[in-house]
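In: my questions are about this predicted structure, shown below with the sequence.
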Amino acid sequence: DYHILESRHIGRGPTGTLHPQPQHRTTPPLDGTKMNNFTKCDISRDYQPPNNDWGKAGLLVGHDSSLKDLRLGHLWDYFGGITKEALEPFWRGVAKNTSIEKLVLDRYHLFGGTKFFTIMCPFFEQNRNLKTLEVYSITNDIDDKGAKALGKCLGRSESLTNLKINSNTNIKKGWGSIFEYFKSAHCRLAYLSLFENRMDDDSARLLADALAKNTTLKTLDLGKNLLIKSAGWGGIFRYLQNPTCSLENLRLHHNRLDGAAIASLVASLADNTTMKKLSLRHNYGWVASEWYVAFMSLLKSHNSALEELDLSCVEIDDRTVVGLANSLTDNVRLKHLLIGDPHFNMGEEAIWAFSRVVCDKSSIMGTYHSNHTLQRVTGHLSHHNIQPYLDVNRENNSIGDKRRRKIIMTHFGASGADVQQFCDMDLKALPHAIAWMAKDYYGFTALFESLPVIFSLLGDH
């Protein structure tokens, strides 16, 4: 029998015990009929079922209607290895399950993938609860034939919304079979990760073509695909210009986008109204002069929908930072700007540029017209009296309230820097100005602290 305990892992513990994780403690029989209260199952490491009967183990999973999350991890018997023939009965049992919502193949031996996905086709076709498929590969990657079988499985699914196919190095010509699914009328994908797959220009163009009419995808991760060059990136970026494109989050981290690719990306985003997050961190070989001018023009555009831009761990200097800061003066969308790396320290000129953008202290009207949207900037700004103004921007208040708060912080208070404004004000307007300033505790306190200076100035009048 399985002894189902309160841990999540099914595998051999220090004493050879088995450790699944149910919601409640129970000991069901291994008869291939039922396992109650079992919502998560992680079968990995050197696990072997009793009597090495993988068929019964598969049926146990296949008939469990309460199972929602199945993770098949790195299975390996340290005493001789596991063969495809031994695992096939297990796969056939799992294929009968119709309750699993998330299937994770985490460095799982697929032996090329063809047999596994062929056996699992009924699972994808009959399971209307499946939302997430994650495939993380190891030495025995999915090959081109396995990719074709996987593509058929995806084509059978009408419920999948999240797909990760990461770290596959053996798929070369098989990407088209997988991407064909994205053209399907019943494709519901909202999240797609193709991280570290050694995709090239040809596969990038196939992906762009497959996504051309997609209206559901919100997040696309193409990180660490170092074989894609400018031509391949150009095809993907043209997809962003499609009127049907609904992408909101594009991750291009750990790549080698050159100046031509960056120019193509920025041109595609100029009129894109859906893209909110863009990550370009850890892009290698960039020259600051090649990319920062392009992003300055993008951030100045009133059409840009970007709310988060990650440029961390790319080549950057103070001149670049000043240019980026100045481009945000009239930007009303960007909330988060990540720049530099853990060792990057902004110079005084760059710090002053961001300080002026988030709160122009030169006059009340300068403060009024400052940037009241930017909430976070990396680069060790918190020690330079800029963070308080970013905190004001982060508050869930109207733009008018943020303007008022900054004006009070900057121009009024105990120093009485601008209280002369009250003394020179028309008497009819004065009560309204006082009410505007003192309408909450913060403003009332600032006004109260300014009273001695105001009375002194009134006395001089």
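Out: Good, I have the coordinates.
In: list the contacts for the nearest residue to A350 once chain neighbours are set aside?
Out: Sequence neighbours aside, V321 is the residue nearest to A350 in space, at 3.9 Å (criterion: CB to CB, 6 or more residues apart in numbering). All C-beta atoms are positioned from the backbone trio N, CA, C, and that covers glycine. The contact partners of V321, by CB atoms under 8 Å, 6 or more residues apart in numbering, come to 339-340, 346, 350, 353-354, 379.
In: check L334 too.
Out: 299, 304, 306-309, 328, 373-374.
In: check which helix or strand covers it.
Out: Using DSSP states H and E, L334 falls within no helix or strand.
In: for V377, see how far away it is.
Out: Distance of L334 to V377, computed by CB to CB, to the nearest Å: 10 Å.
In: A strand includes the residue nearest to A350, no?
Out: No. Under DSSP: H, G, I helix; E, B strand; the rest coil, V321 sits outside any strand and is assigned helix.
In: how close does it get to S297?
Out: Distance from V321 to S297, by CB to CB: 16 Å.
In: and F444, by the same measure?
Out: 44 Å.
In: repeat for D144
Out: Note on D144: its distance to S297, by CB to CB, is 42 Å.
In: same thing with A86?
Out: In terms of CB to CB, A86 sits 59 Å off from S297.
In: so what's S203 up against?
Out: Contacts of S203 by CB under 8 Å, 6+ apart are 175-176, 232.
In: same question, R403
Out: Per CB under 8 Å, 6+ apart, neighbours of R403: 367-368, 370, 372.
In: quick check: pLDDT value at D440.
Out: On pLDDT, D440 comes in at 79.
In: which residues in the stretch 101-250 of the chain form helices?
Out: Using DSSP state H, counting those that start in this stretch, the helices of the stretch 101-250 of the chain run over residues 114-119, 121-126, 144-156, 175-179, 201-211, 230-239.
In: a markdown table for the ones you listed, including distance to I408 and mean pLDDT?
Out: Formatted as a markdown table, the helices of the stretch 101-250 of the chain follow (distance: least, CB to CB, whole Å; pLDDT from 0 to 100):
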| stretch | distance to I408 | mean pLDDT |
| --- | --- | --- |
| helix 114-119 | 63 | 91 |
| helix 121-126 | 60 | 95 |
| helix 144-156 | 57 | 94 |
| helix 175-179 | 55 | 96 |
| helix 201-211 | 49 | 96 |
| helix 230-239 | 44 | 95 |
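In: could you dump those into JSON lines and include distance to E449?
Out: Formatted as JSON lines, the helices of the stretch 101-250 of the chain follow (distance: least, CB to CB, whole Å):
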{"stretch": "helix 114-119", "distance to E449": "71"}
{"stretch": "helix 121-126", "distance to E449": "68"}
{"stretch": "helix 144-156", "distance to E449": "65"}
{"stretch": "helix 175-179", "distance to E449": "64"}
{"stretch": "helix 201-211", "distance to E449": "58"}
{"stretch": "helix 230-239", "distance to E449": "54"}
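In: immediately after the helix or strand of the chain with the lowest mean pLDDT, which helix or strand?
Out: Every helix and strand of the chain was ranked by mean pLDDT, DSSP states H and E. The lowest is strand 9-10, at a mean of 41. Moving toward the C-terminus from strand 9-10, the next helix or strand (DSSP H and E) is strand 40-45.
In: quick one: low-confidence parts of the stretch 51-200 of the chain?
Out: Within the stretch 51-200 of the chain, the segments meeting pLDDT under 70 span 75-82, 138-141.
In: and with 90 instead?
Out: Across the stretch 51-200 of the chain, the ranges flagged by pLDDT under 90 are 51-67, 71-88, 90, 105-115, 136-143, 168-170, 172, 185, 198.
In: got the contact list for stretch 214-225?
Out: 182-183, 187-199, 204, 211, 228, 236, 244-255, 279.
In: pull the distance from stretch 266-278 to the chain's centre.
Out: Distance of stretch 266-278 from its chain centroid, counting by CA atoms, centre = their mean, to the nearest Å, is 16 Å.
In: contact partners of it?
Out: 237-238, 240-241, 245-250, 252, 294-295, 297-298, 301, 303-310.
In: now list the buried members of those residues.
Out: For the contacts of stretch 266-278, a burial check counting by 16 or more other CB atoms under 10 Å picks out 237-238, 240, 245, 247-250, 252, 294-295, 298, 301, 304-310.
In: dump the contacts of L334 to CSV, plus pLDDT, distance to N97 and secondary structure.
Out: As requested, these are exported to CSV (pLDDT from 0 to 100; distance: CB to CB, whole Å; DSSP: H, G, I helix; E, B strand; the rest coil):
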residue, pLDDT, distance to N97, secondary structure
L299, 93, 49, helix
S304, 90, 45, coil
L306, 96, 42, coil
E307, 97, 39, coil
E308, 97, 38, strand
L309, 96, 42, strand
L328, 95, 51, coil
T373, 96, 47, coil
L374, 96, 48, coil
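In: which of those sits closest to E395?
Out: Proximity of these to E395 (CB to CB) peaks at T373, which lies at 11.8 Å.
In: the closest one reaches T329, doesn't it?
Out: No. Using CB atoms under 8 Å, T373 is not in contact with T329; the gap is 11.1 Å.
In: is the residue nearest to N397 when sequence neighbours are not counted in a helix, a strand, or coil?
Out: Take N397 and drop its neighbours on the chain: the residue closest to it by CB to CB, 6+ apart is R405, 7.6 Å away. The local conformation at R405, judged by three-state DSSP, is helix.
In: what's the answer for L257, then?
Out: Following three-state DSSP, we place L257 in the coil state.
In: what's the spacing between it and F444?
Out: Taking CB to CB, one finds L257 at 52 Å from F444.
In: between these two, which has more neighbouring residues?
Out: Taking neighbours as other CB atoms under 10 Å, L257 and F444 compare with L257 leading, 24 against 13.
In: name the nearest residue to the more buried one, sequence neighbours excluded.
Out: Closest residue to L257 apart from its sequence neighbours, by CB to CB, 6+ apart: N283 at 5.5 Å.
In: next, that neighbour: phi, psi?
Out: Note on N283: its backbone torsions stand at phi -90, psi 120 [degrees, to the nearest 10].
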